[in-house]
Each structure stands twice: as structure tokens, then as C-alpha cells.
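Visitor: Structure of the sequence below:
(3 chains)
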Amino acid sequence: MTDPLALDPVLPPRERSALPFNDEALEHDERYRHFEDHVTRGGKVEATDWMPDEYRTQVLRFVEMHANSELMGVLPEREWLMRAPTLRRKLALTAKVQDEVGHAQLLYRVAEDLGKPREAMFDDLLAGKTKFHNVFHYPTKSWADIGIIAWLVDAAAIVAQQALRDSSYAPYARTMKKICWEESVHIMHGRDVVVTMVTGTPGQRAAIQEALDRWWGPLMQMHGPRSDRSKDRDIHWRIKAKTSEELRQEFLGIYVPRVWELGLTLPDPNLGLDPATGEWRYTEPDWDELRTVVTNHGPKSEERLQFRRVNREATRWVREAILAAPRAAA
Amino acid sequence: MSDAAPADGRTLEPWEVFRQEKDGDPMRHGGSVMAPDATLALHYAREMFGRRQESVHLWVVRRTDIHDLADVDLLQPPLDRSFKKPGGYVMRDKLAAAREVSGQSQPKANKGAR
Amino acid sequence: MTAFEPIAMDFAGAGDGRERALALLLLSMADDEFVIGFSDSEWTGIGPILEEDVAISSIAQDELGHAQALYTLLADVVADGRDADAIAYDRPPEGYIHARLLDHPRGDWATTIVRRYLYDTADAARLEALADSTHRPLAELVAKIRREERYHLMHVETWLERLARAPGEPRDRLLAALRLVGQDAGTVLSPLPGEPALVRHGIVAEPFGAIEGRWRSGVARTFSRLDLPPLPATRNPGRARTDHSDAFRALHAELTMVRRSEVAATW
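Guide: Prediction:
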């Protein structure tokens, strides 16, 4: 990739009148058909295009959950910001957590331009009305967790994010390109921490194995249960292109060998590549656990939401007086 | 996009960020930041699009100051305009005929061409 | 002065105190950057708005980068086999000689901005006096640091102004923060032991007293413009860099926690 940060040099136009669904003279159903046609043939949608309500709410929900996950994803690693054992690791971890805040900014901006103010999104997140990804509901127990999370959680995320770079919703697709480029550094940092500890003292090696044993379950659940491609509305609207299972297979294919080559084990006796089908076999993840966790009943869900509520209140005076939210909506 | 009230220096509004990757490149749109005024918009643009030394130049523009044109009648008018474009001048057959007339069936190789 | 023997000083060529004075100068600067960098990095993830969160984190990271470079210079001067990390991390709390201003925790946003403003302006005055240092590695590093600090000053000054000019809670909090840390602001420029050697050898251009005077004039001009009360004199200047707070001790315990868990490990 010669120009990893190149974003399309196009401003969202006020009216892209070449596209029939933007023609206000047409009936709703006709506009809907044109729009669906456009999107299913690979056409792109900008913030100021006309969209059927279903598309707008679907994209908003997708982007909002992603934004929420970046914002909440800050917290597990943030606990260890003060504890990094060298200056370089301290700088790397601070920069990584900062990047996650930056990703939250990019994604909330995309969602804001769809019509929902960020304060409303924070209200919904902190009231438990909208969700964030499962992995960020779990505790971190040691520095080894920092290595495992930065390597494998970010790897699982990047597999999903790479597949979103061609999303029909163009502002989101452009953001994914920037995010993928930034995430690649995080994975390198994580893998470096893991490899350093694996080749370190017996205590360090044991800590990595223990962290890996704890995180494997949530990692396997992260991409979600298998879904029927033909019934998936996000795929229908080309918001995303790959199914949960496709993403999970991709993740396993790249990263399980990299885990094994370090002499680490994974806590699933059924995990392995089936040479006949080229598919990875594994013990069915605990989908009940996933459901429980993402509805904010995970081990750290409430504590982290409460932490955010408290901090939001502590800085409310700054926003109200100096960085005021816009008054009346247009 | 609404026409917002004039900036009071305290209300957040979107600012579009343009960036130049390296010397000589054009300014390209990178994204947007929420800021109350130009000073913080520039600082935030630097953070979001320059903290990794990935830009050599940044512009910020209030979104409400941008004027746009996407009217297809103005930008993609229907009648032929090929006389304005390189693709409108196809000479292969005429050149072949001219060479035949002058007794050369193949174009002379140019020294050091290409 | 046993309270000021934070690192082993047994190296050759101590001469008339030049090496020791230089080592103390570098350590004081490195510890200042280290502590404020750590403290302000706590805002990462919880800043007042997303964009500002990213900004304050960059500033904190810059300070840590400066600390790392200064500890490295110090390691070269002391040359006892320790690297920057060993000097940065492997000392008890009483072995740190950062200014008392930085013993205050980051507090609310107003406290952070006030502390930043007072530190960044004092540091700028200190760096200016080191720009032509006869210790060449220091002069070269100072040139780079000063270029990075320009952004810090731009950013913190715009915030000081915003808080000072916003009536009600922001200005009240700003005034409360000044009352809290104002008496400790001058500790950044309180004289170090061995200062005569620093001046005599041209490591620093002038005594810290003169630097502090110029800094105070600059702050007074800004405070007058923003209708803020004048900065008080430094409380207890003789103990400007010792007797650290409980807040610092807690920070120290946390930042050494992982490193202490496996001594002599590579991380």
C-alpha cells in the first residue's frame, strides 16, 4: 500500500443528483428500489444522499457499536498505562490507547454526520441502550494481558475492519482504511510484548500462557455466532461483506499458527485445521456467555460503564462552558 | 447541513481537514474534527491527521463555509466534448496512410525514445 | 547533603563538581518531565472531549520522550552501566528530585491546565538558558525539545485564556487551582546544589535565580492581562525537590509494580 492514508479526495456533496434515488420527484418506493439497486451493485453512499430509513438506522447502529467499542476498549488497557515496565512500553501503550480514542473520534464523527449527536450516543451507551464488543467486558489481570490483547484482540478486530474497507457507506469505508493502517502498529507492539515475555523468565512465560488461556474463549466469540448470509441485513446492504464465520476462519488461519510457533498452547483440544476442507475445526464457543456479556452482564461491564459515567460528569463543566454542544439541531 | 450561527468560539461545530502528505502533493480531504474555533480546530487536526508526522501541511475549514457543486448538468453535460480531451484525437489510421504515401511502411525508430 | 544523593556518584573525573552538578541538573530535568508526563498521561481515554483527549495524550507522550532522552544523557555522564530505564524506574520515591509543583496530582481539568502552564513556561525559561550549553549533547537535545515545546505552550496558553475568560465555574476552578499550586510553581527553577559549577563551566548561561526572575515577569504579564491574581513567592524553596507527597508515592508504587514483579527481566 503505497499511500496508506489516502482518503478519497471528495467532499460529501450536497446533492449527488446523478443518482436517481436522490430525485425528490420520485415516490418513496421507487427511490427505495433505485437505492437498493445502486448499493447491491457495489454503489457507494455518502452522508448527504437520500437513504431509506432501514439503511440509515442499520448503518448508524453498526457504526455506533463500533465507536462505542473503541471508547470502551480504552479501559482495559488504560488500567496498565501507569504500570508499563519500561519507557518504551509506556510510550507505545499510551500511543495505542490514544489511537483508540482517535478511532472513537473518527467513528463518532461518521455517526454524527448520519444525524445522531455524540452526547446522545454517550447517553445511550452509558444507559446500557447500545452495546460494545464482548472482549471489552473482561478484566485484565497482568502485564501479559496487555500483550495478548494488543496482539490477538486487535488482530481479530483488524480482520473485521479490513473487510469493511469496501463498505457501501463511503464515509465509514474511508475511516476503516485509516483505522486499519493505525491498527497494524498495535498488533506489532502486542506481538513484540508477547514474544519478549515468551523468551524471558519462566514467570513471564507462564503469565503469557495463563492470559492466553483466559482470553481464548472471548476471542472465539468475538466475531459472533454463524449467521445465514442470505438473511443478514448488514450484508444485504453491503455495509459489511463477510460473515462472522468467514472472519473467524480468517483470524484462525493467520493467528493460530503464530501462537503455536511460540510453543504456546490454546485451551481447545478440538482446535485444528481440517486438511480435507481447509476449514478450522473448533469447540463451539459459548454463545450464552456472549449474549450475557454484551447485554452488560460481563465481569467488568457495570464497573467500566460507571467509570465512564463518573468521568463524564467530572468534565461536564468543561463541555458546557468551553466546548459547548451545538444548541438547536437543524 | 444547516447554516449554523456565527462561531461564538465556544460551540462545537465540524471543521473539515485537508492535508498534504509530502512536498509537492495536492491538499487532500482527510476527515473532520469538532472544535469551537479555528485555533483548536488546527490543534485537533494536527492530532488526528498529523501526530505521527504523516502530514507536512494542514488546512481546516468550517464545514458551513464550504460551497459545493455536484449538479450533473454542469459537471457531466450530455453533448460531445471530445475535442477538449486527448481521447478525442485518434490518428492511427491517418498516420499509417501518411507513411505509406511517403514510402515508409513502419515508423522510424527514434534514438533514445521512451 | 544526603537528601541529594539519589544516584551513585562515584565516577572518575569529578573535578571541581562539574560532573556531579551536571548529573543533578539532568536528573532534575528528567524527573520533572517523567513525573508530569506520567501524571498527564492519566487523561488518556477520559479527556473532556475526544479531540482534546488525543491532544493532551500527545503532550504527555512528548514529555515522556523528553524524559527518556534526558535519562539517556544522564546515563552517559554517570556511565555506571545503568541504562535510561534503570535510572528512571529503579529508585525509591525519595530518590526522585522532580519539582514539588509536580507532586500535585493532575486534579481536574483546570488544575492540569494551570500546572501545565506554570511548568511549561518555567521549563521554557530553563531550556532557553541551556540553549548554548557547553555540554554539547545537552545543547543539541535542548534545541530539539524546544521545538516540540512550542506546541505545548500554544495549546496550554489557549486553554488558560479560555478558562480565565469564561465566567462562573471555569474561572472559579482556575482560581482554585492557582491557590492550590501557585506557591509551588517556582520550585521548577529553584537553585540546585552545584549551581555555581554549572554557571562557571557554562553548562547553564546564568544562575537559576535570574531565570526565575524573567519567568515570573512573563507570568505576571499574562496574569495581569487575564485579570488573575499575581503568583505568590515559592513556599519553602530550600526543599523544592525533596519531601515528596503521598500522591507521588502512590504513583511511584504503581509505575514500578510490573517491573518489580520480575527483577532483571526483559520486557
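Visitor: How about the residues of chain B by chain A?
Guide: B:1-2, B:4-5, B:10-14, B:16, B:21, B:26, B:28-34, B:36, B:47-48, B:54, B:66, B:68-72, B:76 (Cβ under 8 Å from any Cβ of the partner chain). C-beta here means a position set from N, CA and C on the backbone, and glycine is covered the same way.
Visitor: Tell me which stretches of chain B form helices.
Guide: Using DSSP state H, the helices found in chain B span residues B:38-50, B:72-75, B:92-101.
Visitor: packing partners for the first one?
Guide: Looking back up the chat, that one is helix B:38-50. Under the contact definition 3 or more Cβ pairs under 8 Å, 6 or more residues apart in numbering or on different chains; DSSP states H and E, helix B:38-50 sits against helix A:87-112, strand B:13-20, strand B:28-35, strand B:57-62, helix C:50-78, helix C:136-165.
Visitor: again, but for the second one
Guide: Taking 3+ Cβ pairs under 8 Å, 6+ apart as the contact definition, helix B:72-75 has no neighbouring helices or strands.
Visitor: Output that helix in CSV with nothing but the alpha carbons.
Guide: Extracted in CSV, the C-alpha atoms of helix B:72-75 (Å, rounded to 0.1, in the frame of the first residue of the first chain):
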residue,chain,number,x,y,z
VAL,B,72,-24.7,16.8,-13.2
ASP,B,73,-25.9,19.2,-15.9
LEU,B,74,-22.9,21.4,-15.1
LEU,B,75,-20.3,18.7,-14.5
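Visitor: How far away from the center of its chain is it?
Guide: 17 Å (Cα atoms, centre = their mean, to the nearest Å).
Visitor: Got a ChimeraX select line for the buried ones in the residues of chain B next to chain A?
Guide: Of the residues of chain B next to chain A, the buried ones can be selected in ChimeraX as follows, counting by 16 or more other Cβ atoms under 10 Å in any protein chain shown:
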select /B:4,11,12,13,14,16,21,28,29,30,31,32,33,34,36,47,48,54,70
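Visitor: that older thread, A:Glu64 is nearest to which of the helices of chain B?
Guide: helix B:38-50 (19.5 Å; Cβ to Cβ).
Visitor: Any residue of stretch C:118-127 touching chain B?
Guide: No: Stretch C:118-127 lies out of reach of chain B by Cβ under 8 Å from any Cβ, never closer than 14.6 Å.
Visitor: what sits up against that stretch?
Guide: Here stretch C:118-127 makes contact (Cβ atoms under 8 Å, 6 or more residues apart in numbering or on different chains) with C:29, C:32, C:36, C:99, C:101-102, C:142, C:145-146, C:149, C:152-153, C:156, C:181-182, C:185-186, C:188-189, C:208, C:211-212, C:214-215, C:218-219, C:231.
Visitor: Just the ones of these in helices?
Guide: Taking DSSP H as the definition of helices, the contacts of stretch C:118-127 contribute C:29, C:32, C:36, C:142, C:145-146, C:149, C:152-153, C:156, C:181, C:208, C:211-212, C:214-215, C:218-219.
Visitor: could I get the helices and strands packed on helix B:38-50 as CSV with mean pLDDT?
Guide: What follows is the helices and strands packed on helix B:38-50, written out as CSV (pLDDT from 0 to 100):
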stretch, mean pLDDT
helix A:87-112, 97
strand B:13-20, 96
strand B:28-35, 96
strand B:57-62, 97
helix C:50-78, 97
helix C:136-165, 97
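Visitor: among the ones you listed, which is nearest C:Ala264?
Guide: Comparing the helices and strands packed on helix B:38-50 under Cβ to Cβ, the one sitting nearest is helix A:87-112, at 16.1 Å.
Visitor: C-terminal to that closest one, what's the next element?
Guide: Counting by DSSP states H and E, the next helix or strand C-terminal to helix A:87-112 is helix A:118-126.
Visitor: helices and strands around that following helix, which ones?
Guide: Contacts defined by 3+ Cβ pairs under 8 Å, 6+ apart place helix A:118-126 against helix A:53-78, helix A:87-112, helix A:301-314.
Visitor: Go through those and name the closest to C:Asp76.
Guide: helix A:87-112 (15.8 Å).
Visitor: Tell me, how many residues neighbour C:Glu51?
Guide: If you count neighbours by other Cβ atoms under 10 Å in any protein chain shown, C:Glu51 ends up with 25.
Visitor: Any stretches of chain A with poor pLDDT?
Guide: A:1-18, A:326-330 (pLDDT under 70).
Visitor: Just the strands from it, written as ranges.
Guide: A:272-274, A:279-281 (DSSP state E).
Visitor: how about the residue of the stretch 51-200 of chain C found nearest chain A, what does it touch?
Guide: Per Cβ to the nearest Cβ, the residue of the stretch 51-200 of chain C with the smallest distance to chain A is C:Ser57, at 4.1 Å. Taking Cβ under 8 Å, 6+ apart, we find C:Ser57 in contact with A:Thr94, A:Ala95, A:Val97, A:Gln98, A:Val101, C:Ser41, C:Trp43, C:Thr44, C:Gly47.
Visitor: Stretch C:21-40 near chain B at all?
Guide: No: using Cβ under 8 Å from any Cβ, stretch C:21-40 never reaches chain B; the gap is at least 14.5 Å.
Visitor: thinking again about what came up before, looking at the helices of chain B, which is buried most?
Guide: Highest mean neighbour count of the helices of chain B: helix B:38-50, a mean of 22 (counted as mean count of other Cβ atoms under 10 Å in any protein chain shown).
Visitor: and that helix, how far from the chain's centre?
Guide: The answer for helix B:38-50 is 22 Å, by Cα atoms, centre = their mean.
Visitor: tell me the centre residue of the chain?
Guide: I went with chain A, as the question did not name one. Compute the mean C-alpha point of chain A, and by Cα atoms, centre = their mean the closest residue is A:His66, 4.6 Å away.
Visitor: sorry, should have said chain C
Guide: C:Asp32 (2.6 Å).
Visitor: correct me, but that residue touches C:Leu102?
Guide: Yes: if you go by Cβ atoms under 8 Å, C:Asp32 and C:Leu102 touch, sitting 6.1 Å apart.
Visitor: which residues touch the closest residue to A:Arg238 other than its chain neighbours?
Guide: Closest residue in space to A:Arg238, ignoring its immediate chain neighbours: A:Ser168 at 3.7 Å, by Cβ to Cβ, 6 or more residues apart in numbering or on different chains. Going by Cβ under 8 Å, 6+ apart, A:Ser168 touches A:Val39, A:Gly42, A:Gly43, A:Lys44, A:Val45, A:Trp237, A:Arg238, A:Ile239.
Visitor: ok, so what distance separates A:Ser168 from chain C?
Guide: 26 Å (Cβ to the nearest Cβ, to the nearest Å).
Visitor: With B:Met27 instead?
Guide: For B:Met27, the distance to chain C - Cβ to the nearest Cβ - is 21 Å.
Visitor: how about the residues of the stretch 151-267 of chain C that lie near chain B?
Guide: So far as Cβ under 8 Å from any Cβ goes, the stretch 151-267 of chain C lies against chain B at C:Tyr151, C:Met154, C:His155, C:Thr158, C:Ala166.
Visitor: 10 Å - rerun?
Guide: Along the stretch 151-267 of chain C, the residues adjacent to chain B under the rule Cβ under 10 Å from any Cβ of the partner chain are C:Tyr151, C:Met154, C:His155, C:Glu157, C:Thr158, C:Trp159, C:Glu161, C:Arg162, C:Arg165, C:Ala166.
Visitor: Show me the shaky parts of the stretch 151-267 of chain C.
Guide: Checking the stretch 151-267 of chain C against pLDDT under 70 turns up nothing.
Visitor: so where do the helices sit in chain A?
Guide: Counting by DSSP H, the helices of chain A are A:28-40, A:53-78, A:87-112, A:118-126, A:143-148, A:154-163, A:170-198, A:202-221, A:233-236, A:244-260, A:287-292, A:301-314, A:316-321.
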